[in-house]
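S.K.: Just a sequence and a predicted model for now, questions to come.
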Amino acid sequence: MERILIIGACGQIGVELTLALRAKYGNENVFAADIREENPLLAGTGPFAILDVMDAEATRALVRKEKITTIYLLAALLSATGEKDPKLCWNLNIGSLRQVLDLGVEEKLKIFWPSSIAAFGPTTPRENTPQRTIMEPTTMYGITKYAGELLCQYYKNKFSLDVRSVRYPGLISWKSEPGGGTTDYAVEIFYGAIREGKYTSFLSENTFLPMMYMDDAIRATMQLMETPIEKIKSGMSYNLSAISFSPKEIAEAIKKHIPSFQISYKPDFHQPIADSWPKSIDDSVARAEWGWKHEYDLEKMTDVMLENLKKKLKQ
Ligand code: AKB
């Protein structure tokens, strides 16, 4: 029987992934852990523990006590916060991965670890970025993602560890909020539109970035983890793609619902980070190897975001 541990369960991806895995594998079989207190959306839905992933002993003890078979390691510092504290970003992102990979070998676990479009850099082809290409990230977050991919590949080859990974684009969700990323503007813009009818973007109007609605990201993650091992050919993380848009384009999509919505632009330190990333991603390898297919385009995503956020914010 599958016994799952999600580390970093109270973050943007963690909350929704925990709920989706609990619905599929049973509440009692999906253990949520985070250094933060339990997210209210998780309260009462299954087991939770406060856990510092850097504490290898505590993590090992939890895995043994709960007879865990699979770990989703989601604890990380993202691109914008990573630039503010690069040392912490390296120590947390790589330190936690290394420990979980070692634990995976010791306890024969299956592991999921997220990479990102941030693993690419300014020398990468920016349109339809291929699965295999130049990777020279220039942010510390991106460096941890590229190094992390190589580390996962090493453990897979050297120790036959079953570790799987995708390169998430910017993720858009209404249930749980993102924090510390460069693509966060694409969530903040909906809060601005509903609460104030306006939003100031920290990226310039024509900055295109790869993005995805959270339901697609959760489906992709679960689909990859359920795929028979023989079909997983890539040692590195899989490119994953759905939508690519700019602040101007998402503002236009929102204006179709809220015609008075106003956007202004004040690019800040996030801009060079976004400029170093791809504009769109070629994910044909994931589509061919394990049948990945996105469901949400810009219009559909805008509809669900506005509908659900209006209810959540009671407006
Ligand atoms: C970020 O903006 O840092 C993240 C990412 C693209 O990995 N959302």
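M.R.: Cool, got the structure. Residues are numbered from 1 along each chain as shown.
S.K.: CA atoms for contacts and neighbours, from now on please.
M.R.: Fine.
S.K.: Tell me how far residue 11 lies from residue 36.
M.R.: 9 Å (Cα to Cα, to the nearest Å).
S.K.: the more surrounded of the two?
M.R.: Per other Cα atoms under 10 Å, whichever of residue 11 and residue 36 has more neighbours is residue 11, with 20 against 14.
S.K.: For that one, give me the pLDDT.
M.R.: pLDDT recorded at residue 11 is 97.
S.K.: ok, now the one 5 residues further on?
M.R.: The confidence metric pLDDT takes the value 98 at residue 16.
S.K.: what does residue 314 give?
M.R.: 87.
S.K.: neighbours of it, just the number please.
M.R.: Neighbour tally, residue 314, other Cα under 10 Å: 9.
S.K.: that's a helix at it, yeah?
M.R.: No: under the criterion used here (DSSP: H, G, I helix; E, B strand; the rest coil), residue 314 is coil, not part of a helix.
S.K.: check contacts around it.
M.R.: The neighbourhood of residue 314, defined by Cα atoms under 8 Å, 6 or more residues apart in numbering, contains no residues.
S.K.: Correct me if wrong: residue 200 contacts residue 263.
M.R.: Yes: counting by Cα atoms under 8 Å, residue 200 touches residue 263, with 5.8 Å between them.
S.K.: which of those two has more neighbours?
M.R.: Counted by other Cα under 10 Å, residue 200 and residue 263 do not tie: residue 263 has more neighbours, with 20 against 17.
S.K.: Would you check that that one makes contact with residue 251?
M.R.: Yes: here residue 263 reaches residue 251: they are 6.7 Å apart, a contact under Cα under 8 Å.
S.K.: Mind jotting down where the helices sit in the stretch 201-315 of the chain?
M.R.: Under the criterion DSSP state H, counting those that start in this stretch, the stretch 201-315 of the chain contains helices at 214-226, 247-255, 270-275, 284-290, 298-312.
S.K.: near the ligand, anything from the shortest one?
M.R.: No: judged by Cα under 6 Å from any ligand atom, helix 270-275 and the ligand are separated, with a smallest distance of 8.1 Å.
S.K.: Redo the helices of the stretch 201-315 of the chain as TSV? Include distance to residue 54.
M.R.: Formatted as TSV, the helices of the stretch 201-315 of the chain follow (distance: least, Cα to Cα, whole Å):
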stretch	distance to residue 54
helix 214-226	24
helix 247-255	37
helix 270-275	27
helix 284-290	31
helix 298-312	34
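S.K.: Now render those as JSON lines, adding mean neighbour count and distance to residue 167.
M.R.: Shown next, in JSON lines, are the helices of the stretch 201-315 of the chain (neighbours: other Cα atoms under 10 Å; distance: least, Cα to Cα, whole Å):
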{"stretch": "helix 214-226", "mean neighbour count": "19", "distance to residue 167": "10"}
{"stretch": "helix 247-255", "mean neighbour count": "19", "distance to residue 167": "22"}
{"stretch": "helix 270-275", "mean neighbour count": "18", "distance to residue 167": "15"}
{"stretch": "helix 284-290", "mean neighbour count": "17", "distance to residue 167": "11"}
{"stretch": "helix 298-312", "mean neighbour count": "16", "distance to residue 167": "20"}
